[in-house]
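Chemist: Could you work out the structure for the sequence below:
(one chain, ligands or ions: 2)
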Amino acid sequence: MRTPVAIIGAGPSGLLLGQLLHTYGVDNVVIEQRSADYVLGRIRAGVLEQVTVDLLHEAGVGQRVQAEGLLDDHFVIAFNGQVHNIDLLARTGKRVTVYGQTEVTRDLMNARAAAGLSTVYEADDVALHGFDGSSPYVTWRKDGVEQRLDCDWIAGCDGYHGVSRASVPADKIQTFEKVYPFGWLGILADVPPISHEIVYANHERGFALASLRSPTRSRYYVQCSLQDQVSDWSDDAFWAEFAARLPAALADKITTGPSIEKSIAPLRSFVAEPMRFGRLFLAGDSAHIVPPTGAKGLNLAAGDVGLLSRALAEFYKEKSSAALDDYSRRALARVWKAERFSWWFTTMMHRFPENGAFGARMQIAELDYLMSSEAMQTAVAENYVGLPL
Ligand code: APR
Ligand code: PHB
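Modeler: Ligands and ions are numbered 1, 2, ... in the order given. Next comes the predicted model:
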């Protein structure tokens, strides 16, 4: 088997890359270790920057996000019992779209199937070979049978725990990491959301976030200890803690109900440099992780594959590798800015036990300043709606 581009991983990065390449006339094969249902079972942030929505349109999968996505022209910051707006539209002329990442993945999977593109699910022991030379290939086992795919390029879109980054010799890669001393406990519930806008709350009991998937489905989070287990948190305990961390004006709007999903996620910042190793490119979570405050993960992944797909298209159409040679530099310049914003927003909104009462006062001073300064609101809004590709 041979294809121009072998894509490892069928998450949002791999599927969007595959679809963009298809629209540019570049064939590709996606190799994924899990089943399609497993991939669709993951629940992740649902705030899309306009750059991401534009790329979905470019990939031919913009119809449903356009029809069903909720447009938000501001988001909410709560602290000291008060509710404040960051007016994205007034400050930047842009909005964000609330649309679940699971739905993005579903739309891309459907489009891939409709286009007849080749996807291998449940591939075991995926391995990358020869990307430091001119004839890379990928091997895996499917139903016990060894398979081989020869290609021109390999795109490592297989997430933080994937095989692609792990295949790079240690002396060729540099990594940067910060692990935060808490996690997020999240629940999904079929109850009307407290607001159509996303609410980020700083509270002395810890951070809370109100988000949504639709007018009838809410996605809420509270900062929790890394020692906590999901089984430590009954639905009642979650609702009580969530309400305690919101100003009364918002807490009064909570409709409680049974959770349909509940999970704890650790928070991490991580970047690998560079994002190219010979004929292997990294994109999305395989190259970088942001803490979810600000919902940059999917948007960064979309930016990476936007750059990579155009660079690959240029290689095949114009026989030029200039854009491929510049991919890592351009992607990383954008990645580090989103890393900075996600780290800053996380730092300003969460309780850090080791920072004590002084740290908490610094957060309130910064939040007070933010709400009094149009200049700072513009800077925050500009980052929240997303930096240009
Ligand atoms: N071989 C093949 N596939 C693999 C392997 C492997 N060895 N290891 C992991 N995968 C698959 C995973 O099963 C997953 O489906 O790669 C895919 C990676 O998907 P994601 O983890 O979603 O990463 P990415 O597509 O880069 O998504 C970036 O989505 O998950 C969020 O926080 C993330 O928002 C960010 C965005
Ligand atoms: C979510 O909808 O899950 C979500 C929204 C905003 C964030 C993080 C997660 O910053």
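
Chemist: Tell me the spatial nearest neighbour of residue 52, not counting adjacent residues.
Modeler: Counting by CB to CB, 6 or more residues apart in numbering, residue 302 is the residue found nearest to residue 52 once chain neighbours are left out, at 4.2 Å. The C-beta positions use only the backbone N, C-alpha and C, and glycine is treated the same way.

Chemist: Report all helices and strands that the one helix or strand that neighbour maps to contacts.
Modeler: Counting by DSSP states H and E, the element that carries residue 302 is helix 297-318. Under the contact criterion of 3 or more CB pairs under 8 Å, 6 or more residues apart in numbering; DSSP states H and E, the helices and strands touching helix 297-318 comprise strand 2-8, helix 12-23, strand 47-48, helix 50-58, strand 145-156, helix 322-349.

Chemist: Ok, which of these comes nearest ligand 1?
Modeler: For the helices and strands packed on helix 297-318, proximity to ligand 1 was assessed by CB to the nearest ligand atom; helix 12-23 is nearest, at 3.4 Å.

Chemist: Which strands border the next helix or strand after that closest one, and is each parallel or antiparallel?
Modeler: For helix 12-23, the succeeding helix or strand toward the C-terminus, using DSSP H and E, is strand 28-31. Paired neighbours of strand 28-31 in the sheet (DSSP bridges): strand 2-8 (parallel), strand 118-120 (parallel).

Chemist: Just give me how far strand 28-31 sits from the chain centre.
Modeler: 21 Å (CA atoms, centre = their mean, to the nearest Å).

Chemist: Following element in sequence after that strand, please.
Modeler: helix 36-40.

Chemist: Enumerate the residues of the stretch 51-200 of the chain near ligand 1.
Modeler: Residues of the stretch 51-200 of the chain lying close to ligand 1 (CB under 6 Å from any ligand atom) are 101, 123, 126, 157-159, 161-163.

Chemist: most remote residue from the chain's center?
Modeler: Within the chain, residue 145 marks the point farthest from the mean C-alpha position, 33.7 Å out by CA atoms, centre = their mean.

Chemist: any idea how far the residue lying closest to residue 314 once chain neighbours are set aside is from residue 81?
Modeler: In space, not counting the residues next to it along the chain, residue 314 is nearest to residue 323; the distance is 4.7 Å by CB to CB, 6+ apart. For residue 323, the distance to residue 81 (CB to CB, to the nearest Å) stands at 51 Å.

Chemist: Who has more neighbours out of these two?
Modeler: For the pair residue 323 and residue 81, the greater number of neighbours falls to residue 323 (17 against 10), based on other CB atoms under 10 Å.

Chemist: near ligand 2, which residues of the stretch 51-200 of the chain?
Modeler: Within the stretch 51-200 of the chain, the positions adjacent to ligand 2 are residue 198 by CB under 6 Å from any ligand atom.

Chemist: Where do the strands of the stretch 51-200 of the chain begin and end?
Modeler: 70-72, 74-79, 82-87, 96-98, 118-120, 124-129, 137-142, 145-156, 174-189, 199-201 (DSSP state E, counting those that start in this stretch).

Chemist: taking the mean pLDDT, what do you get for the third one?
Modeler: What it means is strand 82-87. Strand 82-87 shows an average pLDDT of 98 in the prediction.

Chemist: what does the stretch 251-389 of the chain have sitting close to ligand 2?
Modeler: Within the stretch 251-389 of the chain, the positions adjacent to ligand 2 are 292-295 by CB under 6 Å from any ligand atom.

Chemist: which of the residues you listed count as buried?
Modeler: Neighbour counting by 16 or more other CB atoms under 10 Å classes 292-295 among those as buried.

Chemist: My guess is residue 246 contacts residue 207. True?
Modeler: No. Counting by CB atoms under 8 Å, residue 246 does not reach residue 207; the two are 11.1 Å apart.

Chemist: if we can go back for a sec, pick the most buried one from the strands of the stretch 51-200 of the chain.
Modeler: Using mean count of other CB atoms under 10 Å, the stretch among those with the greatest mean number of neighbours is strand 96-98 (a mean of 24).

Chemist: And that one, how far out from the chain middle?
Modeler: For strand 96-98, the gap between its own C-alpha mean and the chain's C-alpha mean amounts to 13 Å (CA atoms, centre = their mean).

Chemist: so what secondary structure elements neighbour it?
Modeler: Packing contacts for strand 96-98, counted by 3+ CB pairs under 8 Å, 6+ apart, involve strand 47-48, helix 50-58, strand 70-72, strand 208-214.

Chemist: Could you take these and lay them out as CSV, with extra columns for mean pLDDT and distance to residue 179?
Modeler: Below are those laid out as CSV (pLDDT from 0 to 100; distance: least, CB to CB, whole Å):
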stretch, mean pLDDT, distance to residue 179
strand 47-48, 96, 23
helix 50-58, 98, 27
strand 70-72, 95, 30
strand 208-214, 95, 20
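
Chemist: Comparing those, which stretch has the densest surroundings?
Modeler: The highest average neighbour count among the helices and strands packed on strand 96-98, using mean count of other CB under 10 Å, belongs to strand 47-48 at a mean of 25.

Chemist: who does that strand pair up with?
Modeler: Strand 47-48 has the following sheet partners, assigned by DSSP bridges: strand 96-98 (antiparallel).

Chemist: From the rest of the structure, what touches the partner strand?
Modeler: Strand 96-98 is contacted by residues 46-50, 53, 65, 69-72, 75, 88, 196, 198, 211-213, 384-386 when judged by CB atoms under 8 Å, 6 or more residues apart in numbering.
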